[in-house]
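*Asks:* Could you work out the structure for the sequence below:
(chains A and B)
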Amino acid sequence: MNRVVAVLSRIGRLLPTYAVLYIGFLYLPILLLPLFSFNDSKVLGFPLTGFTTKWYVSLAEQTALFDALKNSLIVAVVSAVVATSLGTLISRAITKHRYPLRRTSQTIVMAPLVMPEIIIAISLLIVFLGIGIGTTLFTVILAHSLLTIPFCVSIMTSAFGQFDDALEEAAVDLGETSWGALRRVTLPVVSPGIISSLLISFTVSFDEFILAFFLSGNSPTLPVYIWSQVRFPAKLPNVIALGSLLILISILFLLVAERFRRRSERFTQQPE
Amino acid sequence: MDKNARLGLLLATPTTLYVLLLIAAPVAMTVAYSFWTQEFVDVSRDFTLSNYQEVFADPLYRTLIFRSVRIAAMVTLLTVLLAYPVAYHIAFNVKKNKAMWLFLVTIPFWTSYLLRVFSWKLILAQNGVVNSALLWLGVIDTPIDTLLYNSEAVVVTLAHAWAPFAILPIFVSLEKIDRSLLEAAKDLGEGPVRTFLRVTLPLSIPGIIGASMIIFIPTVGDYVTPALVGGSDGAMVANMIQVQFGKANNWPLGAALALSAVVCVTSAACLLVLGLKLIERSLK
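*Replies:* Reported below is the predicted structural model:
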């Protein structure tokens, strides 16, 4: 026991250093891609040979890439809107209403988060082919909305949970109908949460691979296109350049989403 | 039912139905498929257990399922062990800007999973980051060529990918701990380490359980990491399920394989939770 105490107290002092190193380690892979994307060699490895932007320039010639990009944008935008709308509805119910099976419905909508994606993918594949609608962008949209609903629900229950009910009651006292109060008071106050939810579900859908791999049929999304390219060594520098751009875009989206989430917190904070 | 409850039900129903329809119905179909058989191009709908017999009799499938569960368990253990101190640091040592720390932790998670895994190939390759660093430091003379394409590479890559899912729940459970309990332990003469072992750690076990479940269950079904860095020694059950649904065109067998994997994961997950609860009780 005394040995354990001695070891743990030594670890305690190293904690801040460890935390910084660990977070640095989390960034290692996503910093590596931009590094190699400017490297003047088809071989991905050290030593680096020289600086070039040619891999980015040649991206413009890949027409299949632009089709995949378009597919991904369609899927991500539509499923973000669907998931956020559905997520907002149930979040309002969970936070403001006492209805039968409330806990059960909450568990059900969070379930996609803890199911292995491969199981969701093959099950949906069986059903979509079974009922004859085949695999198209539409089926990817259905699957991606399913996958992103838990993210939207957790963002929106937090946004509604922090909302001060007195604001809505005041609006009704001042002569608004309850629908009017919802539209003109509640929704504007939680709107940063809605925007954050849209951006997060867009990001999740845009990056999602396994569901799209099984369900996109002849219209690959961007990750499915990338998957088809990583098998060819000659294509790799292009993939790395594309990947660096995607990482940059994801981070920009996240920063904006985080800004809105914070603004939502500030808007909805109740006085102590 | 009063107006409040009716409105709640009205608002909750579309989403709940959407998720139910897209999960329950497909999973039911998968269960049905697993009891059918593939006959050339058609599927015979006569009830049979032969797919399950094949899954459990064929050493290849058995190995894949057990390897997947073993890899997922190792990933869970490694991720929780490595992430706990970080969550602890953010909860207890960081005074301002906790939200910023947590945001920094989650950024890598939101960037393309496919590309992060691919990047691990570059890190572990023969002329990759690890070998270059070791050569430069003079630890080794020739590059190690066994870093990639085995189950250890899969474990390391996944332990990296799942880090935020360990840090966040553990942080939440640490943050919830009533600080006056720690004061009380101190007043009663406990040192910081014993306070940690007897107060903080037991109270954070729910967070550890949450993190373990979020990591363990989806990891068993991971496809990308074993396909990119696993090689034949690191292949997991999802890769075989994909083969059955693709090249081999034997959906019933693929369905039986998927469901057997789910049953194994669920039992293993229950054991994991039980074990952690026992630890919790023995610490208190």
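
*Asks:* where do the strands sit along the chain?
*Replies:* In the absence of a named chain, chain A is used. When assigned using DSSP state E, chain A turns out to have no strands.

*Asks:* hm, I was asking about chain B
*Replies:* Under the criterion DSSP E, strands of chain B are mapped to B:37-39, B:42-44.

*Asks:* Deepest in the core, which of these is it.
*Replies:* strand B:37-39 (a mean of 15; mean count of other CB atoms under 10 Å in any protein chain shown). C-beta: built from backbone N, CA, C; applies to glycine.

*Asks:* Parallel or antiparallel, which strands does that strand pair with?
*Replies:* Strand B:37-39 has the following sheet partners, assigned by DSSP bridges: strand B:42-44 (antiparallel).

*Asks:* average pLDDT across the partner strand?
*Replies:* Averaged across strand B:42-44, pLDDT comes to 77.

*Asks:* same question, stretch A:139-146
*Replies:* Per-residue pLDDT values over stretch A:139-146 give a mean of 97.

*Asks:* contact partners of it?
*Replies:* Where contact means CB atoms under 8 Å, 6 or more residues apart in numbering or on different chains, the residues beyond stretch A:139-146 that reach it are A:74-76, A:78-79, A:82-83, A:86, A:112, A:120-121, A:124, A:128, A:133, A:204-205, A:208, A:211-212, A:215-217, A:221, B:18-19, B:22-23.

*Asks:* How far away from the center of its chain is that stretch?
*Replies:* Centroid separation between stretch A:139-146 and its chain, computed with CA atoms, centre = their mean, to the nearest Å, is 13 Å.

*Asks:* Please list the residues of the stretch 151-272 of chain A that sit near chain B.
*Replies:* With CB under 8 Å from any CB of the partner chain as the criterion, the stretch 151-272 of chain A meets chain B at residues A:153, A:200, A:203-204, A:207, A:209-210, A:213-214, A:223, A:226-227, A:230, A:239, A:243, A:246-247, A:250-251, A:254, A:258, A:262.

*Asks:* from those residues, which would you call buried?
*Replies:* In these, burial by neighbour count holds for A:153, A:200, A:203-204, A:207, A:209-210, A:213-214, A:223, A:226-227, A:230, A:239, A:243, A:246-247, A:250-251, A:254, A:258, counting by 16 or more other CB atoms under 10 Å in any protein chain shown.

*Asks:* Residue B:34 against residue B:256, yeah?
*Replies:* Yes - in this structure, residue B:34 sits in contact with residue B:256. The criterion is CB atoms under 8 Å, and the distance is 4.0 Å.

*Asks:* what about the nearest residue to residue A:212 once chain neighbours are set aside, how many neighbours?
*Replies:* Taking CB to CB, 6 or more residues apart in numbering or on different chains, and ignoring the residues beside it in sequence, residue A:212 has residue A:221 as its nearest neighbour in space, at 4.4 Å. Residue A:221: 30 surrounding residues under other CB atoms under 10 Å in any protein chain shown.

*Asks:* now swap in the one 10 residues further on and tell me
*Replies:* For residue A:231, the tally of surrounding residues (other CB under 10 Å) stands at 8.

*Asks:* give me the residue from the stretch 1-150 of chain B nearest chain A.
*Replies:* Using CB to the nearest CB, the single residue of the stretch 1-150 of chain B nearest to chain A is residue B:8, 2.6 Å away.

*Asks:* How much space separates that residue from residue A:257?
*Replies:* Between residue B:8 and residue A:257 the computed distance is 28 Å (CB to CB, to the nearest Å).

*Asks:* circling back: just the ones of the residues of the stretch 151-272 of chain A next to chain B in helices?
*Replies:* Secondary structure assignment by DSSP state H places A:153, A:200, A:203-204, A:207, A:210, A:213-214, A:223, A:226-227, A:239, A:243, A:246-247, A:250-251, A:254, A:258, A:262 of these in helices.

*Asks:* which residues does the residue of the stretch 101-250 of chain A found nearest chain B contact?
*Replies:* Here the stretch 101-250 of chain A gets closest to chain B at one residue, residue A:116, 2.5 Å apart by CB to the nearest CB. When contacts are counted by CB under 8 Å, 6+ apart, residue A:116 is found next to B:217-218, B:220-222, B:238, B:261-262, B:265.

*Asks:* For residue 27, grab the count of nearby residues.
*Replies:* Unless you meant another one, I'm taking chain A. The number of residues packed near residue A:27 is 13, by other CB under 10 Å.

*Asks:* ah, I was thinking of chain B
*Replies:* For residue B:27, the number of neighbouring residues by other CB under 10 Å comes to 22.

*Asks:* Could you verify my assumption that it touches residue A:124?
*Replies:* No - between residue B:27 and residue A:124 no contact is recorded; they are 9.7 Å apart, counting by CB under 8 Å.

*Asks:* Now do the contacts for residue A:176.
*Replies:* Taking CB under 8 Å, 6+ apart as the criterion, residue A:176 is in contact with A:184-185.

*Asks:* For residue B:109, which non-adjacent residue is spatially closest?
*Replies:* For residue B:109, the nearest residue in space outside its immediate sequence neighbours is residue B:164; the separation is 4.4 Å by CB to CB, 6+ apart.

*Asks:* and that neighbour, how many neighbours?
*Replies:* Number of residues near residue B:164 (other CB under 10 Å) recorded here: 21.

*Asks:* Could you check how far the residue of the stretch 151-284 of chain B found nearest chain A is from residue A:211?
*Replies:* Shortest the stretch 151-284 of chain B-to-chain A distance, computed as CB to the nearest CB: residue-wise this is residue B:221, at 2.5 Å. Relative to residue A:211, residue B:221 is positioned 12 Å away (CB to CB).
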